[in-house]
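K.L.:
All I have is the shape, not the residue letters:
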């Protein structure tokens with residue numbers, strides 16, 4: 001035990017004060033002697049005065065006592081109790097499910113057993129976690145939304161900070177008291193894995209409330225892009241669930257655009273099938289904010305709007321600017337040029353070599369995209385979104401052109417397509433362009449494998465946008481593709497690259513020969529086409545249902561898939577996006593504005609506003625992302641479910657430079673009171689995946705147990721501060737009070 005003094009006043013001043021009080025004590029004592037006070041009372045009063053002087057001196061010195069003692073350190077245990085509205089439903093034994101579960105824990109001695117092995121810390125949670133033990137008698141569980149992932153993260157962060165402050169260990173075990181509502185969210189497992197948490201769910205009893213009758217068929221979820229180019233196909237992925245054992249009447253999945261039917265899909269299930277994924281596609285014919293609705297129709301009955309699944313897609317008319325560079329005149333250019341000229345979504349410029357240092361420029365007759373000559377700097381390349389690089393001699397380019405291409409793709413999110421030729425090995429030796437290739441190029445790649453070379457689309461290629469086939473298409477354009485005359489085969493693909501087209505009858509030590517591959521590099525994308533004879537797909541390919549050749553369909557879809565999603569706002573390429581396009585029960589929406597990874601120009605300012613479902617326009621406060629100073633963030637709270645339109649206006653020196661718009665949909669959270677049954681399978685998956693167990697109150701082997709290890713003895717430091725706890729002041733007041741009371745009663749005043 002040690003005593004540390006923290007004087008309030010300088011020590012010399014304290015000594016002077018004590019000496020002054022002693023002098024006053026001597027004077028007062030002499031006065032009592034002259035009054036002939038009895039010796040016993042004189043001694044008592046003098047002792048009280050001395051004690052009070054001593055207490056004053058101690059108060060001014062402010063001692064702090066530091067005491068250490070060995071204690072057994074128990075491992076921490078985090079307990080999360082669900083207080084959402086579903087836990088407030090009736091319990092079979094009376095009360096609500098939360099109170100019933102806590103009573104069961106007390107009766108089965110689970111809590112007593114855990115307290116003997118662990119140091120438990122209680123949190124309650126619904127939308128987020130709050131520290132404290134639940135008290136169902138004082139507060140009815142009524143949370144409107146359950147977010148176990150966010151709550152676990154919040155509680156874990158608090159425990160980690162507390163452990164760092166006290167020098168203790170961070171908990172590894174989490175006891176969950178819940179009915180499993182929302183436990184099937186994959187984000188919970190990701191959060192638990194990132195934190196290293198081992199979950200032990202304790203399932204609540206099924207409620208005695210009347211369970212709502214589920215429809216025989218319902219839409220469980222749907223996915224749609226937030227933004228597409230005009231002329232592109234918009235794909236929707238819908239998940240349907242059928243109640244097991246139910247008889248399904250003839251049903252139709254209907255898609256509407258701005259309240260007009262645009263697609264229908266008959267729904268059929270196999271005998272034992274309970275879940276089905278359907279893909280719908282639709283090509284919007286106009287630009288703007290398209291409001292889509294999806295619902296199930298049984299027979300001639302059209303459901304109410306409340307049964308529809310609504311979402312929004314922004315159709316933009318931004319023109320993708322394409323730059324093509326090639327040193328060879330090849331057949332494929334003729335058909336590619338015609339496709340780009342006929343498609344209003346693209347405008348292009350092409351430079352084809354006519355000799356040493358001489359190029360011929362091609363551009364659309366009515367287009368404004370035209371350069372004064374072969375591009376010489378990054379400023380000229382910065383105007384384009386997509387680059388197509390043919391059989392070029394990079395050493396003839398200006399020295400800064402290849403590094404500029406690399407930076408635009410990796411840092412600015414542009415896209416690049418390589419069409420192989422005899423000089424592909426020379427191109428791959430360039431240190432700026434080689435990292436952009438999705439494949440490994442060797443010296444033998446420049447020697448093509450001559451044909452006819454059969455090719456086929458890989459399984460991964462079938463789900464890639466370049467080889468997409470709309471549902472219901474009778475003719476598969478990729479089933480019997482014409483053979484290619486030659487293929488410049490790479491050695492193998494790079495890690496994380498995707499092979500789209502392969503040669504099934506040719507192989508190398510790394511597998512089947514690759515004819516086409518893609519990958520993401522930095523913020524941009526790259527596509528390698530290992531042949532210059534795709535034009536055969538135009539002349540010999542089989543027409544699809546829309547009378548398009550495989551060549552036309554591939555290039556149309558590939559160019560749209562490779563087009564960057566960022567929009568241009570004046571001279572600055574801004575991107576406006578929310579962290580999601582659809583929200584369910586989420587209280588806050590985050591907006592992100594960026595400018596291709598670069599700071600905004602000098603004098604720039606952003607004005608963000610949100611339009612609520614009621615039509616109110618509210619300004620948003622912006623802040624800089626601490627992790628990326630080129631990104632501007634804004635948050636707003638969801639007032640009510642509905643459609644929110646976010647707009648950002650960009651000003652440079654007070655003058656408008658452009659504006660962007662994004663739309664997000666917010667839905668009400670799942671009705672907690674409909675969750676009558678406990679989702680035991682979801683809780684068991686949580687426990688098994690994280691290394692825990694589903695707790696059974698009748699089986700102690702499933703209860704959390706501390707690791708068997710030698711006794712954990714730690715030194716606990718206890719600080720006693722009599723001044724901070726007011727003990728010294730109370731003692732001083734007591735002594736002075738007794739002294740004054742005696743003098744008053746004896747008449748010594």
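P.N.:
Arrived safely, thanks for sending. Quick caveat: nothing in here was measured; it's all calculated off a predicted structure.
K.L.:
Could you pick out the longest strand of this protein?
P.N.:
Determined from DSSP state E, the single longest strand within the chain is strand 655-667.
K.L.:
Just say helix, strand or coil for the closest residue to residue 498 other than its chain neighbours.
P.N.:
Distances taken as Cβ to Cβ, 6 or more residues apart in numbering put residue 460 closest to residue 498, at 5.1 Å, once the chain neighbours are dropped. Heads up, the C-betas are built off the backbone N, CA and C, glycines and all. Of the three states, residue 460 takes helix under DSSP: H, G, I helix; E, B strand; the rest coil.
K.L.:
Looks like residue 460 contacts residue 499 (just checking).
P.N.:
Yes - if you go by Cβ atoms under 8 Å, residue 460 and residue 499 touch, sitting 6.4 Å apart.
K.L.:
following the worst-scoring helix or strand of the chain on mean pLDDT, which helix or strand shows up next?
P.N.:
Least confident helix or strand of the chain, by mean pLDDT, DSSP states H and E, is strand 582-584 with a mean of 65. Downstream of strand 582-584, the first helix or strand assigned by DSSP states H and E is strand 588-594.
K.L.:
ok and that next one relative to strand 655-667, angle-wise?
P.N.:
Strand 588-594 runs at 150 degrees relative to strand 655-667, counting by axes from the mean of the first three to the mean of the last three Cα atoms, to 10 degrees.
K.L.:
Flag every buried residue along strand 588-594.
P.N.:
Buried positions in strand 588-594, judged by neighbour count with 16 or more other Cβ atoms under 10 Å: 589, 591, 592, 593, 594.
K.L.:
that older thread, among residue 460 and residue 499, which residue is more densely surrounded?
P.N.:
residue 499 (24 against 14; other Cβ atoms under 10 Å).
K.L.:
what sits against the more buried one?
P.N.:
458, 460, 461, 493, 514, 516, 517 (Cβ atoms under 8 Å, 6 or more residues apart in numbering).
K.L.:
Three-state assignment for it, please.
P.N.:
Assigned by three-state DSSP, the conformation of residue 499 is strand.
K.L.:
gap between it and residue 487?
P.N.:
Here the criterion is Cβ to Cβ, to the nearest Å. By it, residue 499 lies 13 Å from residue 487.
K.L.:
on that earlier part again, what's downstream of the longest strand of the chain, the next helix or strand?
P.N.:
Criterion used, DSSP H and E; the element after strand 655-667 is helix 680-690.
K.L.:
what comes up buried for that next one?
P.N.:
So, applying 16+ other Cβ under 10 Å, buried residues of helix 680-690: 682, 683, 684, 685, 686, 687, 690.
K.L.:
what's the closest non-adjacent residue to the second one?
P.N.:
In other words, residue 683. With sequence-adjacent residues excluded and distances taken as Cβ to Cβ, 6+ apart, residue 683 is closest to residue 201, at 3.9 Å.
K.L.:
Distance check, the one you found against residue 514.
P.N.:
To residue 514, residue 201 is 47 Å away according to Cβ to Cβ.
K.L.:
what's the answer for residue 295, then?
P.N.:
According to Cβ to Cβ, residue 295 stands 44 Å off from residue 514.
K.L.:
which residues of the stretch 251-400 of the chain score low on pLDDT?
P.N.:
Within the stretch 251-400 of the chain, the segments meeting pLDDT under 70 span 299-307, 365-370.
K.L.:
Show me the helices in it, by range?
P.N.:
331-342, 378-381 (DSSP state H, counting those that start in this stretch).
K.L.:
Out of those helices, indicate the one that is most buried.
P.N.:
The highest mean neighbour count among those, using mean count of other Cβ atoms under 10 Å, belongs to helix 331-342: a mean of 17.
K.L.:
Mind listing residues that contact it?
P.N.:
By Cβ under 8 Å, 6+ apart, helix 331-342 touches 322, 324, 326, 346-348, 350, 352, 362, 364, 388, 390, 419, 532-535, 538, 551-552, 555-556, 559.
K.L.:
Between the contacts of residue 499, which sits nearest residue 395?
P.N.:
residue 517 (25.3 Å; Cβ to Cβ).
K.L.:
For the helix or strand harbouring residue 50, name the packing helices and strands.
P.N.:
In this assignment (DSSP H and E), residue 50 forms part of helix 39-61. Helix 39-61 sits against helix 11-34, helix 727-746, with contacts defined as 3 or more Cβ pairs under 8 Å, 6 or more residues apart in numbering; DSSP states H and E.
K.L.:
buried set for the longest one?
P.N.:
Right, the one you point to is helix 11-34. For helix 11-34, burial by neighbour count (16+ other Cβ under 10 Å) applies to 14, 21, 25, 32.
K.L.:
Contact partners for residue 719?
P.N.:
Applying Cβ under 8 Å, 6+ apart to residue 719 gives the contacts 64, 65, 66, 67.
K.L.:
now stretch 6-22, how far from the chain's geometric center?
P.N.:
61 Å (Cα atoms, centre = their mean, to the nearest Å).
K.L.:
residues making contact with it?
P.N.:
Against stretch 6-22 from outside (Cβ under 8 Å, 6+ apart): 53, 56, 57, 59, 60, 61, 62, 63, 64.
K.L.:
pLDDT of it, averaged?
P.N.:
Stretch 6-22 shows a mean pLDDT of 89 in the predicted model.
K.L.:
give me the element residue 557 is part of.
P.N.:
helix 550-562.
K.L.:
what does residue 430 give?
P.N.:
Here residue 430 is assigned to no helix or strand, by DSSP H and E.
K.L.:
three-state assignment of residue 444?
P.N.:
Going by three-state DSSP: residue 444 is helix.
K.L.:
per-residue pLDDT, it?
P.N.:
So, for residue 444, pLDDT stands at 89.
K.L.:
State the number of residues packed around it.
P.N.:
14.
K.L.:
Could you do residue 137 as well?
P.N.:
Residue 137 has 9 neighbouring residues, counting by other Cβ under 10 Å.
K.L.:
Residue 537 now?
P.N.:
24.
K.L.:
sec struct for it, please.
P.N.:
Assigned state for residue 537: helix (three-state reduction, three-state DSSP).
K.L.:
what about the strands in the stretch 151-300 of the chain?
P.N.:
Remark: strands assigned in the stretch 151-300 of the chain by DSSP state E, counting those that start in this stretch are 173-178, 198-203, 217-223, 227-229, 234-242, 251-257, 260-267, 275-282, 288-298.
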